[in-house]
Structures are given as C-alpha cells and as structure tokens.
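# fold the stuff below for me.
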Amino acid sequence: YNREQFLMFDSDVGHFVGFTPLGEKNAKMWNSDPAIMEFVRAHVDRCRHNYEIVASITVERRGERGAERPSPGRLLCSVMDFYPAAIQVRWFQGQQELSEHVVATNVVPNGDWTYQLLVLLGISKNPGKM
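I've put the predicted structure just below:
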C-alpha cells in the first residue's frame, strides 16, 4: 500500500506475514480463515507449476543479446522488469568469466514488484587483452 509492503503470503512457511500493524492484523485474520488459506495455497501450487514451465526461458535465460555499447571501451547490460529480485549477471569471453572491471548498480525496485539492474564492463582497447 503506497509502495510499502504491509503484508505477504510467505509460501515457504505457508501463511500470511504482516509487516505493519495493519498487515499483522490482516495476516492474523486471513491465517485463521480456512477458506482463504485453501484458496491461497492452491494458487501458490499453481504458480509453482507454471514457474517450472517458464523458468528455463525466464530465470535460467542466458543473455546473448541486450548488451549495448554506451561508449568505446565499455559494454552495458540493462536487465529490466524481472522478479524476484535475486539475480546474477556475469560477463564471459568464450568460456572465461570476466570479473575485473565490472561495475553494477544495486537492484532497483520499479514500484510494481519488478526490478532493474545495470552492469557495466570496461574492456581493453587492445583486442584479445582484457
């Protein structure tokens, strides 16, 4: 509410958790209603099933494209509108991971439960040398 998380259903523990006084009040009320709990748990199971189907093309996707050249000597990867917030962006040259000269923003919430991240790689002007 007003971009503040006051309540959520924690599927790891199987019930609602409140983060504000109003959220705690609603969590207690909803957790004690068997019909609501049955509905929400069934919805979570449906989401888990759907997640397993699409995870290979969303979560486990490898970014072959989407890297831009913001200026000579730098590559920029913009990762937009993803959920959940946990994400790992790595740069590779062939099979070798490039971990030096990498700068990233913090994961930024968009305000609609999705997130964005920018990761910049500084590259050498000499081909073949990083």
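# CA only for contacts and neighbour counts going forward, please
Fine.
# in three-state terms, label the nearest residue to residue 102 once chain neighbours are set aside for me.
The shortest distance from residue 102 to any non-neighbouring residue, by CA to CA, 6 or more residues apart in numbering, is to residue 121 (4.6 Å). Three-state call for residue 121 (DSSP: H, G, I helix; E, B strand; the rest coil): strand.
# can you verify my assumption that residue 31 contacts residue 16?
Yes. With contact defined as CA atoms under 8 Å, residue 31 reaches residue 16; the gap is 6.2 Å.
# okay, the two: which has more neighbours?
The residue with more neighbours, out of residue 31 and residue 16, is residue 16; 21 against 16, by other CA atoms under 10 Å.
# neighbouring strands for the helix or strand containing that one, and are they parallel or not?
Per DSSP states H and E, residue 16 falls inside strand 15-18. Pairing partners of strand 15-18, with direction, according to DSSP bridges: strand 7-10 (antiparallel).
# how far is the strand it pairs with from where the chain is centred?
17 Å (CA atoms, centre = their mean, to the nearest Å).
# tell me where this protein has helices.
With DSSP state H as the criterion, the chain has helices at 21-31, 34-54.
# winner for burial among those?
Neighbour counts (mean count of other CA atoms under 10 Å) averaged over each of the helices of the chain peak at helix 21-31, with a mean of 15.
# list the helices and strands that helix packs on?
Judged by 3 or more CA pairs under 8 Å, 6 or more residues apart in numbering; DSSP states H and E, helix 21-31 is in contact with strand 7-10, strand 15-18, helix 34-54.
# now the ones you listed as a markdown table including distance to residue 83 and mean pLDDT?
Compiled in a markdown table, the helices and strands packed on helix 21-31 are given as follows (distance: least, CA to CA, whole Å; pLDDT from 0 to 100):
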| stretch | distance to residue 83 | mean pLDDT |
| --- | --- | --- |
| strand 7-10 | 15 | 89 |
| strand 15-18 | 20 | 93 |
| helix 34-54 | 12 | 82 |
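# residue 73 is nearest to which of these?
Closest to residue 73 of the helices and strands packed on helix 21-31 is helix 34-54 (CA to CA; 35.2 Å).
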